[in-house]
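Student: below are the sequence and a predicted model; questions follow.
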Amino acid sequence: LQLAPGQDAQQVDLILRRAISLQGNVVHLDGTPQHGVVTQALAADRRVAQSVQTNAEGHFRFINLRPGTYVVRFHLPDRFVYAAAGGRTDRAPAARRFRVVEGRTATTETVRLAPFRKGSWRVYGAFDGLKANAITDIASTADGMLWLASKGSGAWRFDGQTFRQITTHEGLADDEVNGVTTTADGAVWLATQGGATRYKDGQLTSLKQADGLADDQVNAIYEAADGALWFATRGGVSRMVEGRFEPIALLDSVLSGANITQIYQDRAGAMWLAADWQGLWRYADGLLTHFNKRHDLGYPRVWNMLEARDGTMWFATEIGISRYDGGSLPGADAPYVDAERRFTTFFGNWDDVAHHVFSDIHQSRDGALWFASKGGGVLRSDGIAGVGAASSETTPLFVSFTTREGLAHNSVSAIHEDFQGGLWFGSAD
């Protein structure tokens, strides 16, 4: 639509219809629907065009795919399987190619899969004494005490039998608690909307902006390998060494006023800082490196991060899970450099998997990676496909868990593993 200079504006009415391009069903071996199976449409170049999950009826559908040829792939804990003539195949070359054309819907044959989710669940709530509307973070101390941060009802301690609440009445800086961290000296630190509170031997001590914090709103607290405490605040980052705040000139300059949402130290000693709407910053050896959307980071809002045991860095973002593919970082004479493209993002195309907003990452003792989402439950990845000569895949395998498996709520904010190997999921209800 073109307008000539001086021409009046024209009103255009558009009607956008959701066209189903490709669909199908996944069932158990007995024919009952199998829900929550991560299903992907792969374009001719093997790129993921869309990712969805099967619904309660075992049905999946891909909306408005571009015309072309596609393969349908399903995630299992240990491998991929593909839609094929007669149902399914484990071999990518044997997968059926579905041709998508405008105005027509292609349908796969029904795919039968054996059940693959294992484990038992227990939900704790108000009837158990946990009168909290939303759990934002979880940690545990050396004696096995579980600590839970909540949105609006303070912090909670759980000894396996009884929940005990800690609020502003006991000395907590604020009842809205964003994070909980345990430190090497046996203390528990609580990041709140009104400051940072330290719990040790039954005593509560709080720090605020007047005491040296960059801002009263503390989003997260992290203890580095050298024992220094790092505070992620709404107004920048603060570092405390042996009870005293020490400035870091470069960070104080570049990140002054930034809303720092999370801090993490990798095994090489580099500090990773997530800044709301700015993406990621990596601070090491006096050099500050910046990563954001143009480096293929899923989204410039990062809520959590983790270095897996194989050295891979993972990031939970507002839109998708991003994996840092490593390699040598750019060197520069200046203390601040802009990085190259180095990320691979999964579930970042506004697909129907896990509602895109990821909040936490945990690697359990068995090596599996768990990803918490705000609306789609949790995803578990047991590794990367491609074991065996028949496949060259390098994509992680994902299996989803929702309220249908036993989660209290599909909006999950925190994942924690206790000393017995039990996994705890903090959710919205």
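Tutor: Yep, it's here.

Student: tell me the SS of residue 127?
Tutor: helix (DSSP: H, G, I helix; E, B strand; the rest coil).

Student: residue 410: how many residues sit nearby?
Tutor: Residue 410: 21 surrounding residues under other C-beta atoms under 10 Å. C-beta: built from backbone N, CA, C; applies to glycine.

Student: now the one 10 residues further on
Tutor: Neighbouring residues of residue 420 were enumerated by other C-beta under 10 Å; the total is 7.

Student: who's the residue lying closest to residue 183 once chain neighbours are set aside bridged to?
Tutor: Spatial nearest neighbour of residue 183, excluding adjacent residues (C-beta to C-beta, 6 or more residues apart in numbering): residue 223 at 4.7 Å. Counting by DSSP bridges, residue 223 forms beta bridges with residue 229.

Student: so in the protein, where's the weakest helix or strand by average pLDDT?
Tutor: Every helix and strand of the chain was ranked by mean pLDDT, DSSP states H and E. The lowest is strand 336-338, at a mean of 55.

Student: what sits against residue 23?
Tutor: Neighbouring residues of residue 23 by C-beta atoms under 8 Å, 6 or more residues apart in numbering: 59-62, 105-108.

Student: is it true that residue 95 touches residue 86?
Tutor: No: assessed by C-beta atoms under 8 Å, residue 95 is found out of contact with residue 86, at 11.8 Å.

Student: that older thread, count the residues that sit near the residue nearest to residue 183.
Tutor: 19.

Student: repeat for residue 304
Tutor: Residue 304: 25 surrounding residues under other C-beta under 10 Å.

Student: could you find the closest non-adjacent residue to it?
Tutor: Closest residue in space to residue 304, ignoring its immediate chain neighbours: residue 316 at 4.3 Å, by C-beta to C-beta, 6+ apart.

Student: and that neighbour, how many residues sit next to it?
Tutor: Count around residue 316 with other C-beta under 10 Å applied: 25.

Student: in its sheet, what does the host helix or strand of it sit against?
Tutor: Residue 316 is part of strand 313-317, with elements assigned from DSSP states H and E. If you go by DSSP bridges, strand 313-317 pairs up with strand 302-307 (antiparallel), strand 320-324 (antiparallel).

Student: can you list contacts of it?
Tutor: 266, 272, 274, 280, 297-299, 301-308, 321-324, 326, 343, 345, 348, 358-361, 369, 371-372.

Student: quick one, which of the residues you listed are buried?
Tutor: In these, burial by neighbour count holds for 266, 272, 274, 280, 297-299, 301-307, 321-324, 343, 345, 348, 358-361, 369, 371-372, counting by 16 or more other C-beta atoms under 10 Å.

Student: ok, back up a step: who are the packing partners of the following helix or strand past the least confident helix or strand of the chain?
Tutor: Going down the chain from strand 336-338, the next helix or strand is strand 343-346, by DSSP H and E. Under the contact definition 3 or more C-beta pairs under 8 Å, 6 or more residues apart in numbering; DSSP states H and E, strand 343-346 sits against strand 320-324.

Student: redo that, cut-off 10 Å
Tutor: Helices and strands touching strand 343-346, by 3 or more C-beta pairs under 10 Å, 6 or more residues apart in numbering; DSSP states H and E, are strand 313-317, strand 320-324.

Student: any idea which of the ones you listed gets closest to residue 39?
Tutor: The stretch from these with the least distance to residue 39 (C-beta to C-beta) is strand 320-324; that distance is 16.7 Å.

Student: relative to the whole chain's centre, how far out is that closest one?
Tutor: 8 Å (C-alpha atoms, centre = their mean, to the nearest Å).
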